[in-house]
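*Asks:* Take this sequence and fold it.
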Amino acid sequence: MSKMTWPEFRASHKGKKQKEISALWKIYKDSPENEVQRDPAEQKVLNQLNVKQPERGLAVRRFLY
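*Replies:* Numbers count the residues shown, from 1 in each chain. Take a look at the predicted model:
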């Protein structure tokens, strides 16, 4: 299933009220099948890169600078 744009989604729901279409769009947009699935190895590397490094202590900063 390819992801639809808002105009395509709205056109496919002609005849419904705008509020109803907006609510359906929010559900469609948030559904997990629209998320890109990553390769597990790639995700593991990205998770390692996203770990926040601890700040250096004052003693280490004085030593380095």
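*Asks:* which residues touch stretch 39-51?
*Replies:* residue 38 (CB atoms under 8 Å, 6 or more residues apart in numbering). In short, each C-beta sits where N, CA and C put it, glycine included.
*Asks:* what do you get for stretch 4-19?
*Replies:* Applying CB under 8 Å, 6+ apart, the contact partners of stretch 4-19 are 20-21, 24-25, 28.
*Asks:* Is residue 14 within a helix or a strand, and which one?
*Replies:* Using DSSP states H and E, residue 14 is not contained in any helix or strand.
*Asks:* next one: the one 5 residues further on
*Replies:* Following DSSP H and E, the helix or strand that holds residue 19 is helix 18-30.
*Asks:* Show the subsequent helix or strand relative to that helix.
*Replies:* helix 40-49.
*Asks:* how about that next one as CSV, C-alpha atoms only?
*Replies:* Below are the C-alpha coordinates for helix 40-49, written out as CSV (Å, rounded to 0.1, in the frame of the first residue of the first chain):
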residue,chain,number,x,y,z
PRO,A,40,17.4,-4.5,12.3
ALA,A,41,21.2,-4.1,11.9
GLU,A,42,20.7,-0.5,10.8
GLN,A,43,18.4,0.2,13.7
LYS,A,44,20.9,-1.2,16.2
VAL,A,45,23.6,1.1,14.8
LEU,A,46,21.3,4.1,15.0
ASN,A,47,20.3,3.3,18.6
GLN,A,48,24.0,3.2,19.6
LEU,A,49,24.5,6.6,17.9
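*Asks:* how far out from the middle of the chain is that helix?
*Replies:* Relative to its chain's centre, helix 40-49 lies at 15 Å (CA atoms, centre = their mean, to the nearest Å).
*Asks:* likewise stretch 30-46?
*Replies:* Relative to its chain's centre, stretch 30-46 lies at 9 Å (CA atoms, centre = their mean).
*Asks:* what do you get for stretch 23-41?
*Replies:* Distance, stretch centre to chain centre, for stretch 23-41: 8 Å (CA atoms, centre = their mean).
*Asks:* Nothing else from me, thank you.
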